[in-house]
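Novice: below: sequence and its predicted model.
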Amino acid sequence: MKSIPSSYYLYGAAVIVVIGLFAVIVVNGIKSRVPSAYNEFAQCLADQGARMYGTWWCSHCQNQKDLFGSAFSNVDYVECSPGGTKTMSKECKDAGVEGYPTWIFADESKASGEQSLQSLSDKTSCLLPNTEAVAE
């Protein structure tokens with residue numbers, strides 16, 4: 001009985017990995033094109049002068065972004081650690097940011113830490129969508 005060369009196992013494993021990566025890319029691409037129920041809400045926040053300051057490495061910032069889903073692209077967001085560094089940018093220092101995330105509103109008031117969508121709505125008068133009626 002002939003043995004199967006070990007290189008066949010490596011090729012097989014490589015094919016499985018490539019197929020898995022392709023599936024992840026396709027699923028993420030589909031998710032990014034699905035309209036979010038929060039698009040108008042996020043745009044209203046930006047229109048009302050609300051701005052979120054955060055960093056790429058902050059788990060609380062990621063949680064805040066996740067609340068909006070794909071609609072986060074409509075939020076006025078400032079990255080305080082650009083270029084993959086952990087050094088605070090001048091823009092964030094000048095804005096008086098001391099922690100992440102920080103929301104600064106048109107009236108120059110601040111809210112530090114993760115904010116509920118309801119608290120952002122209360123602060124800006126932007127209406128939250130009826131998420132039971134609108135599929136995300």
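Specialist: Yes, it's here.

Novice: what's the first helix or strand after the helix or strand hosting Phe68?
Specialist: According to DSSP states H and E, Phe68 maps onto helix 59-68. Heading C-terminal from helix 59-68, the first helix or strand you meet, by DSSP H and E, is strand 76-79.

Novice: just the buried positions in that next one, please.
Specialist: Buried residues in strand 76-79, counted by 16 or more other Cβ atoms under 10 Å: Asp76, Tyr77, Val78. Where C-beta positions appear, they are placed from N, C-alpha and C, glycine not excepted.

Novice: so who does the last one touch?
Specialist: Think Val78. Contacts for Val78 (Cβ atoms under 8 Å, 6 or more residues apart in numbering) come out as Arg51, Met52, Tyr53, Gly54, Ser89, Glu91, Cys92, Ala95.

Novice: now intersect the residues you listed with the helices, please.
Specialist: Among these, the members found in helices (DSSP state H) are Glu91, Cys92.

Novice: show me how to select, in ChimeraX, the buried members of the contacts of Val78.
Specialist: In ChimeraX syntax, the buried subset of the contacts of Val78 is picked out as below (16+ other Cβ under 10 Å):
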select :51,52,53,54,89,92,95
